[in-house]
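Undergrad: Sequence first, then the predicted structure:
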Number of protein chains: 2
Amino acid sequence: MTDRKNLPASARVPARALEAFIKRALLAARLPDAGAARVAELMTRADLIGADNHGVFRLPQYVERIHKGGMNVNPSIRVVRESAGMTLVDGDNGMGHLVMDFATRAAMDKAAHSGVAWVGVRNSNHAGPAALYAAMPLERDMIGLYIAVGNANHMAPWGGTELLLSTNPIAVAVPALEEPPIVLDMATSVAAYGKVKGAAQRGETMPTDWMIDRQGRPLTDPQRAGEGSLLPIGGPKGYGLALVFSLLAGVLNGAAVGRDTIDFNADQVSPTNTGHLIVAISIAAFADVTGFKRSVDRVIRDLHASPTLPGVVAVRVPGERSHRIRVEREREGVPLHGALIARLDALAESLGVAGVLAAS
Amino acid sequence: MTDRKNLPASARVPARALEAFIKRALLAARLPDAGAARVAELMTRADLIGADNHGVFRLPQYVERIHKGGMNVNPSIRVVRESAGMTLVDGDNGMGHLVMDFATRAAMDKAAHSGVAWVGVRNSNHAGPAALYAAMPLERDMIGLYIAVGNANHMAPWGGTELLLSTNPIAVAVPALEEPPIVLDMATSVAAYGKVKGAAQRGETMPTDWMIDRQGRPLTDPQRAGEGSLLPIGGPKGYGLALVFSLLAGVLNGAAVGRDTIDFNADQVSPTNTGHLIVAISIAAFADVTGFKRSVDRVIRDLHASPTLPGVVAVRVPGERSHRIRVEREREGVPLHGALIARLDALAESLGVAGVLAAS
């Protein structure tokens, strides 16, 4: 444990400085320049949208995996199968961000011609928050739909106790005209495992619906999380979603699921063979683009204007919070707490590069 | 209310007899022969798989809508937009079963060439259980994914009180080799509205997580369901799913959502402009079909063999229960309770056709 007295104070780091830091760390870890730049951009974007467990927070873990040979810094990311409506991509064990960047571009390029394109991915790695990839097609007036197999199994099937499932997430991004886009990004469990770790760090107890122990009793002590299972949303429904997502994003692509899942926290060496899928849907193939976006505006405004439960200020739509955070962080910088700065400075020192707070 | 003393006893009706009954009723309601036959087949299949609220139970309502001019018995179901990876179908206000049958065939035919095909639908109607359409591609070694906008709004957005959302369902069907296929079919609410109506009919109270009233308190009296909202699975997550499903299956296709939704129980005249989407995914485009199915078998067997919580006999997979019901009902007939038989006999009399229990 880090001694709290010696921690640097928390700080706001401008996005540009954060991105430069991530890039120099990845270059020092021997990623090629273009790859380091793109991963740095995407990881910074994760921090900008408030996905604090999926941005620079992951950098030490990524670098450790690279150093131990568990991730390929010079992958040959390639199309292994292709048809008019689909593509199957092999990530060659490269960083997930680069693999998913490739896959999402492939999906958008194909959807520009085919209307809809479904791209499956295998031999990838952790790629940060799901919303990153679902939201990329927005810039081309497309809807994005992303599903992934998670990189550790923290969830038992409904009625079971063996952790055979990850909290496989889904993200869907839909553009609006004057309103910010709708961006849903959710795990199929009530709480993501990162929230459990957060509660443990803060010494808090968990709500009773987050986890159960092997007797099916609520498990509220996050220090005992290893003895239990996350609960799926809606009981058997969330279990069903997590299961079919593992088939669609995993088995169909030849990626690892179930007992073959490599826990990327416990094992830094074995290739994870992570599976994802991204679907790009060109709005122009279905409808007038402006008319569609105007209809989405109307849906959003109807929701915003609708009456609320006592104590609720306003109905929100998915993506609203992360949009607000992004606007604020682009202006004020990304907040990093002291413990994270200390870890990043230790990483910088080990790599022989300037730390995250250095003027860039 | 029907007088319980005069009810016919419940009975098992052979699937073939049930299908013949539905067909003669639909013919009497002036559906053309081919259409009546196909709807009868699909409605019977709904009863066979245990979707008791979505099979012959709906027949009186469908016939009433046809008689009142709310549904088109001679629709010109047609492709309005098409590209290599997608099709947009206009159902011309025909019966939802016929529209979705057309759309699913279109998806499978296109996926046979394009690998994956996404078909959006507008101007359709209630089409029975989601699983019907998701499961059709199984016969062609394809995965099916179906999403629909529901035909009545029983759910408020998270934090709100206005019923702006339906419990928009999703179904996904994935073939296995020796095991029955995995077929997930779920609403995005904790309980489907049919379960609320069932509890009301039986005079039961509801669990506290099914509905809330306009103050956000648990609503457990199903007679008061009109005063409250169904709860989405996982709180804001299920709300988010229901919302993006309404955009994907509704707004994108030019179908009704939100305040434009026609409650098909309250209004038998106005076209519902129901939206659906079906995606067919050809396994051969991604992988060796037998190898894929063997992997799905393995996933199922790992789940079945995994340890259970106290009191749980075995972990189940989605679709297992409906598969068992189908095998049993194909052998023993479809059970119809007395009140339903009485309603169907009254319908038969009004249409001048033989009742459901008549020898066919």
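TA: Noted; the coordinates are in hand.
Undergrad: Nearest the middle, which residue of chain A would you pick?
TA: Taking Cα atoms, centre = their mean, the centroid of chain A lies closest to A:Pro129, which sits 1.5 Å from it.
Undergrad: Can you tell me the closest non-neighbouring residue to A:Ile300?
TA: Using Cβ to Cβ, 6 or more residues apart in numbering or on different chains and skipping residues adjacent in sequence, the residue nearest A:Ile300 is A:Glu179, 4.6 Å away. C-beta coordinates here come from the backbone N, C-alpha and C atoms, glycine included.
Undergrad: same deal with A:Gly150?
TA: The spatial neighbour of A:Gly150 that comes closest, neighbours along the chain excluded (Cβ to Cβ, 6+ apart), is A:Ser166 at 2.8 Å.
Undergrad: ok, the closest residue to A:Pro14 other than its chain neighbours - how many residues close by?
TA: In space, not counting the residues next to it along the chain, A:Pro14 is nearest to A:Gly333; the distance is 4.7 Å by Cβ to Cβ, 6+ apart. A:Gly333 sits with 18 neighbouring residues when counted by other Cβ atoms under 10 Å in any protein chain shown.
Undergrad: Now do the contacts for A:Gly333.
TA: Contacts for A:Gly333 were tallied using Cβ atoms under 8 Å, 6 or more residues apart in numbering or on different chains; they are A:11-15, A:17.
Undergrad: Can you say which of those residues are buried?
TA: Buried subset of those (neighbour count, 16 or more other Cβ atoms under 10 Å in any protein chain shown): A:13, A:15, A:17.
Undergrad: Tell me which residues touch the second one, please.
TA: A:Ala15 is in contact with A:44, A:47-48, A:329-330, A:333-334, counting by Cβ under 8 Å, 6+ apart.
Undergrad: Low-confidence ranges, the stretch 1-150 of chain A, go.
TA: Low-confidence segments of the stretch 1-150 of chain A, defined by pLDDT under 70, are located at A:1-6.
Undergrad: make it 80
TA: By pLDDT under 80, the weakly predicted segments of the stretch 1-150 of chain A are A:1-8.
Undergrad: Close to chain B: what parts of it are there?
TA: By the criterion of Cβ under 8 Å from any Cβ of the partner chain, the positions of the stretch 1-150 of chain A lying close to chain B are A:81, A:83-86, A:88, A:110-111, A:113-118, A:120, A:143, A:145.
Undergrad: Sitting in strands, which of the buried ones among the contacts of A:Gly333 do you find?
TA: Where the buried ones among the contacts of A:Gly333 overlap with strands, as defined by DSSP state E, the overlap consists of A:Val13.
Undergrad: And the buried ones among the contacts of A:Gly333, which is closest to B:Pro236?
TA: The shortest distance between B:Pro236 and any of the buried ones among the contacts of A:Gly333, using Cβ to Cβ, involves A:Ala15 and amounts to 27.2 Å.
Undergrad: rewinding a little: now a PyMOL select for only the buried ones of the contacts of A:Ala15.
TA: A single PyMOL command suffices to select whichever of the contacts of A:Ala15 are buried according to 16+ other Cβ under 10 Å:
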select buried, chain A and resi 44+47+48+329+333+334
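Undergrad: Tell me the one of the contacts of A:Ala15 nearest chain B?
TA: When the contacts of A:Ala15 are compared for distance to chain B (Cβ to the nearest Cβ), A:Leu48 wins out at 20.7 Å.
Undergrad: Contacts only, for the closest one.
TA: Residues A:15, A:55, A:325-326, A:329-330, A:334 are the ones in contact with A:Leu48 under the rule Cβ under 8 Å, 6+ apart.
Undergrad: ok so, going back, between the contacts of A:Gly333, which is closest to chain B?
TA: Proximity of the contacts of A:Gly333 to chain B was ranked by Cβ to the nearest Cβ; the top entry is A:Ala15 with 26.5 Å.
Undergrad: Check which helices and strands the longest helix along chain A is in contact with.
TA: In chain A, taking DSSP state H as the definition, the longest helix is helix A:96-114. Helices and strands in packing contact with helix A:96-114 are listed as helix A:33-48, strand A:86-90, strand A:116-124, helix A:130-135, strand A:142-148, strand A:274-282; criterion 3 or more Cβ pairs under 8 Å, 6 or more residues apart in numbering or on different chains; DSSP states H and E.
Undergrad: Give me the buried positions along it.
TA: For helix A:96-114, the buried set under the neighbour-count rule, 16+ other Cβ under 10 Å, comprises A:96-104, A:106-108, A:110-112, A:114.
Undergrad: A:Met108 and A:Leu138, how far apart?
TA: Using Cβ to Cβ, to the nearest Å, we find A:Met108 at a distance of 10 Å from A:Leu138.
Undergrad: same check, this time on A:Val279
TA: Distance, A:Val279 to A:Leu138, by Cβ to Cβ: 14 Å.
Undergrad: intersection of neighbour lists for these two?
TA: Shared contacts of A:Val279 and A:Leu138, defined by Cβ under 8 Å, 6+ apart, are found at A:Gly144.
Undergrad: And the strands in the stretch 101-250 of chain A?
TA: Read by DSSP state E, counting those that start in this stretch, the stretch 101-250 of chain A holds these strands, from start to end of the chain: A:116-124, A:142-148, A:170-174, A:182-186, A:211-213, A:228-230.
Undergrad: and the stretch 251-360 of chain A, which residues reach chain B?
TA: If contacts are counted using Cβ under 8 Å from any Cβ, the residues of the stretch 251-360 of chain A sitting beside chain B are A:251-254, A:257-259, A:279, A:281, A:283, A:285-287, A:292, A:295-296, A:298-299, A:302-303, A:306-312, A:314-318.
Undergrad: From the buried ones among the contacts of A:Gly333, pick the one nearest A:Ala346.
TA: If you rank the buried ones among the contacts of A:Gly333 by distance to A:Ala346 using Cβ to Cβ, A:Val13 comes first, at 16.3 Å.
Undergrad: does the closest one really touch A:Glu332, like I thought?
TA: No - the pair A:Val13 and A:Glu332 does not pass the contact test of Cβ atoms under 8 Å, sitting 10.1 Å apart.
Undergrad: residues contacting A:Val13?
TA: Taking Cβ under 8 Å, 6+ apart, we find A:Val13 in contact with A:21, A:333-334, A:336, A:356-357.
Undergrad: do that again at 6 Å, thanks
TA: If you count contacts by Cβ atoms under 6 Å, 6 or more residues apart in numbering or on different chains, A:Val13 has them with A:333-334, A:336.
Undergrad: What separation is there between the residue nearest to A:Pro14 and A:Glu41?
TA: 16 Å.
Undergrad: try A:Ala339
TA: In terms of Cβ to Cβ, A:Ala339 sits 25 Å off from A:Glu41.
Undergrad: Check A:Arg321 too.
TA: Taken as Cβ to Cβ, the span from A:Arg321 to A:Glu41 is 22 Å.
Undergrad: What of A:Val317?
TA: Taking Cβ to Cβ as the measure, A:Val317 falls 26 Å from A:Glu41.
Undergrad: What of A:Ala314?
TA: As for A:Ala314, its distance to A:Glu41 is 33 Å (criterion: Cβ to Cβ).
Undergrad: Equivalent analysis for A:Pro271, please.
TA: Separation of A:Pro271 from A:Glu41 (Cβ to Cβ): 25 Å.
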